[in-house]
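**Q** Everything below, folded, please.
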Amino acid sequence: MTGTITVTASSGTAVVGLQWELGRGGVADDGTTWLGGGATYPGTLTPFEARQTDGTNDYQNAVNWLAVTWTGAVTTDTLTLSGDVTSIIQAVGNAVDNTGATAAMDLANAGLVLTLNEAATAGAPVSVDCNLLILCV
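**A** Residues are numbered from 1 along each chain as shown. Model prediction:
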């Protein structure tokens with residue numbers, strides 16, 4: 001299982017409602033040699049000598065889906081991911097402004113930082129509540 005991913009908002013409040021790991025194989029924290037060949041493997045594979053390139057069955061970092069609720073955000077605010085994460089693959093979502101109307105928004109992705117680019121109403125920034133789905137590794 002992947003470790004915890006933390007989401008920090010530059011303003012407003014961001015809460016991770018769900019972190020779902022889409023596993024890619026291996027077992028977390030397991031360095032057992034399964035395909036090393038010879039007597040340590042159940043049976044003898046001497047003629048075949050199957051061997052993994054790294055000789056172990058170590059865990060591979062998995063893709064995660066994060067469901068995030070971000071309240072009180074305004075344009076150019078940022079959401080930063082940290083913890084057991086190396087990059088954001090994609091982020092999608094919707095926003096409702098402080099009047100209850102659907103707000104147009106775009107999320108610019110730079111490394112582990114998402115920047116909210118919302119369409120300002122009447123030239124003034126408005127507070128929005130966002131529901132986001134973030135795909136990250």
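**Q** Residues contacting the helix or strand containing Thr6, please?
**A** Using DSSP states H and E, Thr6 sits in strand 5-9. Around strand 5-9, the neighbours that count as contacts under CB atoms under 8 Å, 6 or more residues apart in numbering are 14-16, 19, 64, 66, 68, 70, 73, 77-85, 136. All C-beta spots, glycine's among them, are computed from the backbone N, C-alpha and C.
**Q** What of stretch 66-77?
**A** For stretch 66-77, the external contacting residues (CB under 8 Å, 6+ apart) are 5, 7, 9-20, 79, 81, 93, 95, 115-118, 120, 125-134, 136.
**Q** Filter these down to the ones in strands?
**A** The strands, defined by DSSP state E, take in 5, 7, 9, 13-20, 79, 81, 93, 95, 115-118, 128-134, 136 from those.
**Q** In ChimeraX, how would I select the buried members of the residues you listed?
**A** Here is the ChimeraX command that picks out the buried ones among those, judged by 16 or more other CB atoms under 10 Å:
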select :5,7,9,14,16,19,79,81,93,95,116,118,128,129,130,132,134,136
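**Q** so Gly111 makes contact with Ser87?
**A** Yes - the criterion here is CB atoms under 8 Å, and Gly111 meets it with Ser87 at 6.9 Å.
**Q** So in that sheet, which strands flank the helix or strand bottoming out on mean pLDDT in the chain, and in what orientation?
**A** The least trusted helix or strand in the chain, going by mean pLDDT, DSSP states H and E, turns out to be strand 102-103, with a mean of 82. In the sheet, strand 102-103 lines up against strand 88-97 (antiparallel) (DSSP bridges).
**Q** Please list the residues outside the strand it pairs with that contact it.
**A** Applying CB under 8 Å, 6+ apart, the contact partners of strand 88-97 are 63, 68, 73, 81, 102-105, 107, 109, 111-112, 114, 118, 121, 126-137.
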